[in-house]
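Participant: Give me a 3D structure for the following:
(chains A and B)
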Amino acid sequence: MLTLSVAAAEAPRPQPKSGIEYAGNDVRALQADDFGNPGMLWVVRGEKLWNAPAGRSEKSCASCHRDAPATMKGVATRYPRMDAGERGLLNLEGRINQCREQRQGTVALSYESEELLALTAYVAHQSRGIPVDVEVNEANRKQYERGRETYYRRQGQMNLACTHCHERNAGRKLLADTISEGHGNAYPVYRLEWQSAGSLHRRLRACYFGVRAEQPAAGAAELVELELYLASRARGLRVETPGVRR
Amino acid sequence: MSMLARVQVPAQARRGDVFPIRIAIQHPMETGYRPDNFGRRIARNVINTLTCRYNGVEVFRAEMGSGVSANPQLQFYVRAESSGELVFDWVDDSGQRGSERAPIAVTG
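Facilitator: Numbers count the residues shown, from 1 in each chain, chains lettered A, B, ... in the order given. Model prediction:
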């Protein structure tokens, strides 16, 4: 039975639909307005941090990567991806911290800190309008499979998997909200409920909480692997960072 | 972390024209009604006053309370009179101050 349902879910999907298409007009207008979009505050802070020297190397991100609008263009569309070193699968946050620790000679930023959110938003923002194009290959196949498994695994006291809401019931109502397809193409987003910008992992943890399951820590391998699977099913959707969501 | 803000002022305006000004400030606007994880009340901390001066003359003042969302954004209108500078100043309940300035060129 389980095999059947998974096989059925893997039938060719129609074109993925971004979460913004499930949002109301006011939220869409806020996201589209580059001054009004509160997420831009994090992008602006990220730009300052990009140019600020840090750590023993006294180098800033810009010392090596130069002009982010040119060098970071399209980068976010290819994450999560495998680290050339030993860190395994890295999302953007993980890559930024890898650079900080191994190149800048400073400490990793804690997940969900204002600084890491700002830098991630700034880097991802350079890919705005470019379709998600994450690669699944021999190097990351195992992580991808584990992420897919998490997506289809029933869990928590509600005994629900991601698929039950975001695939089978996308577009329908959950209380007052419309269920989206659960794509991560706008993250980090400014979420009105949070009154703040937040990472995809914060959002995923909120879903774990919603189904009354044990939440992995932000940045945990399970969430990065799930992020890879989500990116693979969001292929073709344009990056919207910083998105605005309810 | 210092308070981050963005202002939007047209670079140029014709004398007598009324133009919009927008300002967005990154701030939690803590209401004072929320408990923390231990049940203690989190002290209110909102930007209580914001002023805008145009060549030294106050043209706009906002006094805000706990009903204003986090990361507030304000929009108001000013009549172009002479070239110069718009200066924005604000202060929150914790005493932290912020400031931004923007030049304006008035023609005609």
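Participant: where's the nearest residue in space to A:Pro53 that is not next to it in sequence relative to chain B, distance?
Facilitator: Excluding the flanking residues, the one nearest A:Pro53 by Cβ to Cβ, 6 or more residues apart in numbering or on different chains is A:Ser60, at 4.7 Å. Where you see a C-beta, it was placed from the backbone N, CA and C, and this is true even at glycine. As judged by Cβ to the nearest Cβ, to the nearest Å, A:Ser60 and chain B stand 17 Å apart.
Participant: got the CA positions of the helix or strand encompassing A:Glu227 in CSV?
Facilitator: A:Glu227 belongs to helix A:221-233 when assigned by DSSP states H and E. Output in CSV follows, covering the C-alpha atoms of helix A:221-233 (Å, rounded to 0.1, in the frame of the first residue of the first chain):
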residue,chain,number,x,y,z
ALA,A,221,21.1,17.1,8.5
GLU,A,222,17.5,15.9,8.2
LEU,A,223,16.3,19.4,7.4
VAL,A,224,19.1,20.1,4.9
GLU,A,225,18.3,16.8,3.1
LEU,A,226,14.6,17.7,3.1
GLU,A,227,15.6,21.1,1.7
LEU,A,228,17.4,19.3,-1.1
TYR,A,229,14.3,17.3,-1.9
LEU,A,230,12.1,20.4,-1.8
ALA,A,231,14.5,22.2,-4.1
SER,A,232,14.4,19.3,-6.6
ARG,A,233,10.6,19.5,-6.7
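Participant: What is the distance between that helix and the centre of its chain?
Facilitator: Remark: helix A:221-233 is offset 9 Å from the chain centroid, using Cα atoms, centre = their mean, to the nearest Å.
Participant: List of residues touching the helix or strand following that helix?
Facilitator: Counting by DSSP H and E, the next helix or strand C-terminal to helix A:221-233 is strand A:243-245. Strand A:243-245 is contacted by residues A:19-20, A:23, A:27, A:30-31, A:37-39, A:185-187, A:189-192 when judged by Cβ atoms under 8 Å, 6 or more residues apart in numbering or on different chains.
Participant: helices and strands of chain A: which one has the lowest mean pLDDT?
Facilitator: helix A:2-9 (a mean of 49; mean pLDDT, DSSP states H and E).
Participant: So the residue nearest to A:Pro53 sits against A:Lys48, correct?
Facilitator: No - taking contacts as Cβ atoms under 8 Å, A:Ser60 lies outside contact range of A:Lys48: 10.0 Å.
Participant: residues contacting the residue nearest to A:Pro53?
Facilitator: So A:Ser60 contacts A:Trp50, A:Asn51, A:Ala52, A:Pro53, A:Ala54 (Cβ under 8 Å, 6+ apart).
Participant: Can you give me the distance of the residue of chain A found nearest chain B to A:Tyr111?
Facilitator: Closest approach of chain A to chain B (Cβ to the nearest Cβ) occurs at A:Gln195, with a separation of 3.7 Å. Counting by Cβ to Cβ, to the nearest Å, the separation of A:Gln195 from A:Tyr111 is 19 Å.
Participant: Compare neighbour counts for those two and give me the winner.
Facilitator: When A:Gln195 and A:Tyr111 are compared for neighbours, A:Tyr111 comes out ahead with 19 against 15, by other Cβ atoms under 10 Å in any protein chain shown.
Participant: Give me the three-state assignment for the more buried one.
Facilitator: coil (DSSP: H, G, I helix; E, B strand; the rest coil).
Participant: In chain B, which residue sits closest to chain A?
Facilitator: For chain B, Cβ to the nearest Cβ, closest residue to chain A: B:Ala70, 3.7 Å.
Participant: Report the spatially closest residue to that residue, excluding sequence-adjacent ones.
Facilitator: A:Gln195 (3.7 Å).
Participant: can you pull the contacts of the one you found?
Facilitator: Applying Cβ under 8 Å, 6+ apart, the residues near A:Gln195 are B:Pro28, B:Met29, B:Ser69, B:Ala70, B:Asn71.
Participant: which bits of chain B sit near chain A?
Facilitator: B:1, B:4, B:6, B:8, B:22, B:24, B:26, B:28-29, B:69-71, B:73 (Cβ under 8 Å from any Cβ of the partner chain).
Participant: A:Arg217: what's its closest spatial neighbour, skipping adjacent residues?
Facilitator: No Arg there; residue A:217 is Ala. Using Cβ to Cβ, 6+ apart, the nearest residue to A:Ala217 is A:Tyr111, at 7.7 Å.
Participant: from what I can see that neighbour touches A:Leu204, true?
Facilitator: No - taking Cβ under 8 Å as the definition, A:Tyr111 is not a contact partner of A:Leu204, at 11.9 Å.
Participant: show me what contacts the closest residue to A:Asn140 other than its chain neighbours?
Facilitator: Residue nearest to A:Asn140 in three dimensions, not counting chain neighbours: A:Met82, with 5.1 Å by Cβ to Cβ, 6+ apart. By Cβ under 8 Å, 6+ apart, the contact list for A:Met82 reads A:Gly88, A:Leu89, A:Leu90, A:Ala139, A:Asn140, A:Gln143.
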